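Trainee: Have a look at this fold, sequence not included:
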């Protein structure tokens, strides 16, 4: 049962990781004018991803200082996700033992 819960948590964390990576790439494409921001479909997709990631970034942005236009909150969240995944793996190993 514990392994199933940890597997589901890992899956959800992986999905969040890919959403954050997609949002970062999308923001770069907007910054370098590769994507047209006046396109309704692109703008709707960007707003949807921003609504998903904004609650994750907000607490980190309050803590981090201003780096002059560079947002490190996605990197911090990705690092925290990896730490949580390692902790979950450690819980499974401790509960079921090594081997």
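Mentor: Arrived safely. Values in this document were obtained by computation on a predicted structure and should not be read as measured data. Numbers count the residues shown, from 1 in each chain.
Trainee: Which helix in the chain has the most residues?
Mentor: Longest among the helix segments of the chain by residue count, using DSSP state H, is helix 2-31.
Trainee: Which elements pack onto the helix or strand following it?
Mentor: Where DSSP states H and E defines the elements, the next helix or strand beyond helix 2-31 is helix 40-63. Here helix 40-63 touches helix 2-31, helix 73-96, going by 3 or more Cβ pairs under 8 Å, 6 or more residues apart in numbering; DSSP states H and E. Where you see a C-beta, it was placed from the backbone N, CA and C, and this is true even at glycine.
Trainee: quick one: the shortest one to helix 40-63, angle?
Mentor: So the one you mean is helix 73-96. 70 degrees (axes from the mean of the first three to the mean of the last three Cα atoms, to 10 degrees).
Trainee: Could you number the chain from 877 rather than 1 from now on?
Mentor: Done: numbering now begins at 877, and the last item shifts to helix 949-972.
Trainee: The closest residue to residue 918 other than its chain neighbours: how many residues sit nearby?
Mentor: Distances taken as Cβ to Cβ, 6 or more residues apart in numbering place residue 911 nearest to residue 918, at 5.5 Å, with adjacent residues excluded. A count of neighbours around residue 911, defined by other Cβ atoms under 10 Å, yields 17.
Trainee: Ramachandran coordinates for residue 911?
Mentor: For residue 911, the backbone dihedrals (degrees, to the nearest 10) come out as phi -100, psi 140.
Trainee: from what I can see it touches residue 903, true?
Mentor: No: in this structure residue 911 lies outside contact range of residue 903 using Cβ atoms under 8 Å: 9.9 Å.
Trainee: what's the closest of the helices and strands packed on helix 916-939 to residue 916?
Mentor: Counting by Cβ to Cβ, residue 916 lies closest to helix 878-907 out of these; the figure is 14.8 Å.
Trainee: packing partners for the closest one?
Mentor: helix 916-939, helix 949-972.
Trainee: looking at the ones you listed, which is closest to residue 881?
Mentor: When these are compared by Cβ to Cβ, helix 949-972 sits nearest residue 881, at 8.9 Å.
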